[in-house]
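Q: Below are the sequence and a predicted model; questions follow.
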Amino acid sequence: MSGATHDPSLYRDRDVVPVKRALIAVSDKRGLVELATALVGAGVEIVSTGGTGAAIAAAGLPVTQVSEVTGYPEHLDGRVRTLHPAVHSGLLADLRLEHHEAELAGLGIEPYELVVVNLYPFAETVAAGAAADAVIEQIDIGGPAMVRASAKNHANVAVVVSPERYDEIAAAVAAGGTTLVQRAALAREAFRHTASYDVAVASWLGSVVAPDQPAEESPFPAWVGGTWTKDADLRYGENSHQKAALYSSQGGRPGIAQAVQLHGKEMSYNNYVDADSAVRAAFDFDEPAVAIIKHANPCGIAVASAGASDPIADAHRRAHECDPVSAFGGVIAANRIVTLEMAETVSGVFTEVLIAPAFEGEALELLAKKKNIRLLTLPEGFTPTAVELRQVSGGLLLQQADRHFLPASEWTLAAGDAADAATLADLEFAWTACRAVKSNAILLASGGASVGVGMGQVNRVDSCKLAVERAGERATGSVAASDAFFPFADGLQILLDAGVRAVVQPGGSVRDEEVVAAAREAGVTMYFTGERHFFH
Ligand SMILES: NC(=O)c1ncn([C@@H]2O[C@H](COP(=O)(O)O)[C@@H](O)[C@H]2O)c1NC=O
């Protein structure tokens, strides 16, 4: 229980607070000298920690070292510097209260009206791969303590945690002081900053130094922290009556949210969802690949054919040919640089979004002539998501992303003759590509390109019908992949009747014998992978 009285009549009004004394301790020294110059120009006394004070003094500006205020040298390798009542009482005194003012004066402690702090670069040190002890030294203790104290006391103190606010704060100081509204906004920013910092520290300790369980028991920690900052309000959500916004995860790996838009109208909520699916599908492949997505499902997916003169253009052309009707208004992802040749084929089709690692100059120039297409590049350092989070009411599901594609060498031949190399390559392509198709998924492929996709049906028979119908004549001689086992022979029979020549599926149904017999009777090769690719 705090000792505060909370008697509203005791609080004196304080809106504009003139700044007479500022405490500055910053790791990131960008803009420091300019800010200090402005403050000194406005008659502000500056108190600073070692490195910050040295930088200010080197600029020829007057500065008081914090050790002079505390009467203690900075000690324990700098672990204790500002952690002292002479500092913290000056930050926490609520000068709206007469007795705080009197107590502070009695102790001979002077208040601060401005605190400028940014914290030790913890996340950057982790990212640089530093050893645990070096990382621990970068857990800032004194900084967050000052930030939190000043933010709590924003009735009296303005706290600045970002160099982006320096101009604004210098202007306020010069104009006579900070306003309560301004200080409250800065306090909000300050607590978000320390909260994000603590999440980063807690996550690192929980995953690197002291995992909750041995990794072989569970790769998932007992606690998951995360903070996200808003990038943009979107025009609307999945539908126009739903409001929506895009957030970036702080400290996470860069992904679709950080993609750079080079051209076109604002990205919509559905554009982001589909672009994410498209990128994920294209990056399931190591070889040049293109995925065309509609409503989170591929309507075409292909890798470059061997010896293609322009591999990514070839992959796109063949992905498009899978289902040109559905590709209208599609979202395309390429896992290689978009070439002029690919741009030429894309420009002939109405396309919502094209996202890729980069664009050749001429490709960008050509596509940018089209008003309706959005062109995006993936952020630097992009890698496919390794762990997926999904919200469920009241909680969150975490799972490792499905990026495990058993090669044909690990499959079991269940029916027919062993496939030749070309057929096996096609089966491997189909098996990988069908991961990107919502269950129940059936994908027919030929020559490293999908030719018919049956997606999202609540029984496998309908997925087979859909895949065969979409493939038309191309079903004959194609190969098929099924994301999970055939529970009966009926779905498979549809594929066999359509002329499919080889099938890959997990196997494992109680009626596998019936299913294998149907394949044998049709003289069709069938492999079991022993692993499925459900996708919801
Ligand atoms: N130990 C302390 O009392 C302490 N007080 C302030 N700091 C941090 O020291 C940094 C500034 O140090 P310098 O001015 O020496 O470059 C800031 O990031 C600030 O958050 C401290 N460092 C760590 O906890």
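A: Right, received. Where do you want to start?
Q: Could you tell me how many residues sit around whatever residue of the stretch 151-300 of the chain ends up closest to the ligand?
A: Going by C-beta to the nearest ligand atom, the ligand is nearest to V161 of the stretch 151-300 of the chain, at 9.6 Å. Where you see a C-beta, it was placed from the backbone N, CA and C, and this is true even at glycine. Residues near V161, counting by other C-beta atoms under 10 Å, number 26.
Q: shouldn't it be in contact with V117?
A: Yes: in this structure, V161 is within contact of V117 by C-beta atoms under 8 Å, at 6.3 Å.
Q: Need the overlap of contacts for these two.
A: Overlap of the contact sets of V161 and V117 (by C-beta atoms under 8 Å, 6 or more residues apart in numbering) consists of V147.
Q: Which residue is the nearest non-sequential neighbour of V346?
A: Closest residue in space to V346, ignoring its immediate chain neighbours: L354 at 6.0 Å, by C-beta to C-beta, 6 or more residues apart in numbering.
Q: Show the contacting residues for that neighbour.
A: Here L354 is in contact with V331, I332, A333, A334, V338, V346, L367, I373, R374, L375, L376 (C-beta under 8 Å, 6+ apart).
Q: Please tell me how far the nearest residue to H75 once chain neighbours are set aside sits from S478.
A: Excluding its sequence neighbours, the residue lying closest to H75 (C-beta to C-beta, 6+ apart) is R81, at 7.9 Å. Going from R81 to S478 by C-beta to C-beta, to the nearest Å gives 70 Å.
Q: higher neighbour count, these two?
A: For R81 and S478, the more surrounded residue by other C-beta under 10 Å is S478, and the numbers stand at 27 against 22.
Q: From L406, how far off is the more buried one?
A: Taken as C-beta to C-beta, the span from S478 to L406 is 21 Å.
Q: does the residue nearest to V346 have beta-bridge partners, and which?
A: I332, L375 (DSSP bridges).
Q: what comes up buried for stretch 361-370?
A: A363, L364, L366, L367, K370 (16 or more other C-beta atoms under 10 Å).
Q: Now stretch 304-321 - C-alpha only, CSV.
A: This file holds the C-alpha atoms of stretch 304-321, laid out as CSV (Å, rounded to 0.1, in the frame of the first residue of the first chain):
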residue,chain,number,x,y,z
ALA,A,304,11.0,-23.5,-63.6
SER,A,305,11.4,-26.3,-66.1
ALA,A,306,15.0,-27.6,-66.6
GLY,A,307,17.0,-25.5,-69.0
ALA,A,308,14.4,-22.7,-69.1
SER,A,309,16.2,-19.6,-70.5
ASP,A,310,14.4,-17.3,-67.9
PRO,A,311,13.5,-19.7,-65.1
ILE,A,312,11.2,-17.4,-63.0
ALA,A,313,9.3,-16.3,-66.1
ASP,A,314,8.9,-19.9,-67.1
ALA,A,315,7.6,-20.8,-63.6
HIS,A,316,5.1,-17.9,-63.7
ARG,A,317,3.9,-18.8,-67.2
ARG,A,318,3.2,-22.4,-66.2
ALA,A,319,1.7,-21.5,-62.8
HIS,A,320,-0.7,-19.2,-64.7
GLU,A,321,-1.6,-21.8,-67.3
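Q: which residues are in contact with the stretch of helix or strand G53 belongs to?
A: Using DSSP states H and E, G53 falls within helix 50-58. Outside helix 50-58, the residues that touch it by C-beta under 8 Å, 6+ apart are 24-26, 29, 32-33, 36, 46, 48, 63-66, 74, 78, 81.
Q: Can you tell me which residues in the protein are near the ligand?
A: 25-27, 49-52, 78-83, 117-120, 140-143 (C-beta under 6 Å from any ligand atom).
Q: Which of those residues fall within strands?
A: Using DSSP state E, the members of these that fall in strands are A25, V26, V117, N118.
Q: I'd say the last one and E164 touch.
A: Read it as N118. No: counting by C-beta under 8 Å, N118 stays clear of E164, with 10.8 Å between them.
Q: which residues touch C322?
A: By C-beta under 8 Å, 6+ apart, the neighbours of C322 are I292, C299, G300, I301, A302, A449, S450, V451, G452, V453, R470.
Q: switch the cut-off to 6 Å
A: When contacts are counted by C-beta atoms under 6 Å, 6 or more residues apart in numbering, C322 touches G300, S450, V451.
Q: Quote the end-to-end distance of stretch 32-50.
A: 14 Å (C-alpha to C-alpha, to the nearest Å).
Q: Compute the number of surrounding residues for L234.
A: 18.
Q: just A408 next, same as before
A: Quick note: A408 (other C-beta under 10 Å) scores 18 neighbours.
Q: give the contact list for the residue of the stretch 151-300 of the chain closest to the ligand.
A: Contacts of V161 by C-beta under 6 Å, 6+ apart are N118, A190, H193.
Q: Assess the claim that the first one and V26 are in contact.
A: Yes: with contact defined as C-beta atoms under 6 Å, N118 reaches V26; the gap is 4.8 Å.
Q: L443: which element?
A: Judged by DSSP H and E, L443 forms part of strand 442-446.
Q: for that strand, the distance to its chain's centre please.
A: 31 Å (C-alpha atoms, centre = their mean, to the nearest Å).
Q: ok, for the residue of the stretch 351-500 of the chain found nearest the ligand, nearest residue in space, not its chain neighbours?
A: Shortest the stretch 351-500 of the chain-to-the ligand distance, computed as C-beta to the nearest ligand atom: residue-wise this is G381, at 25.5 Å. In this structure, G381 finds its nearest non-sequential neighbour in P254, 5.2 Å apart by C-beta to C-beta, 6+ apart.
Q: pLDDT score assigned to that neighbour?
A: The model reports P254 with a pLDDT of 94.
Q: Next, count neighbours for it.
A: 15.
Q: list the contacts for it?
A: By C-beta under 6 Å, 6+ apart, the contact list for P254 reads P379, G381, F382.
Q: which among these end up buried?
A: Judged by neighbour count, with 16+ other C-beta under 10 Å as the criterion, the buried members of those are F382.
Q: Neighbours of P211, how many?
A: 16.
Q: what's the closest non-adjacent residue to it?
A: Closest to P211 by C-beta to C-beta, 6+ apart is P221, at 6.8 Å.
Q: try T525
A: Counting by C-beta to C-beta, 6+ apart, T525 lies nearest to G416, which is 3.5 Å off, once chain neighbours are set aside.
Q: my read: that neighbour touches Y527, true?
A: No: counting by C-beta under 6 Å, G416 stays clear of Y527, with 9.1 Å between them.
Q: Comparing these two, which shows the higher neighbour count?
A: Set G416 next to Y527 and count neighbours by other C-beta under 10 Å: Y527 wins out with 27 against 18.
Q: Assign that one to helix, strand or coil.
A: Following DSSP: H, G, I helix; E, B strand; the rest coil, the label given to Y527 is strand.
Q: ok, how many other residues are close to the residue nearest to it when sequence neighbours are not counted?
A: Leaving out its chain neighbours, the residue that sits closest to Y527 by C-beta to C-beta, 6+ apart is W411, at 4.2 Å. Residues near W411, counting by other C-beta under 10 Å, number 23.
Q: Would you agree W411 is in contact with T525?
A: No: with contact defined as C-beta under 6 Å, W411 does not reach T525; the gap is 10.7 Å.
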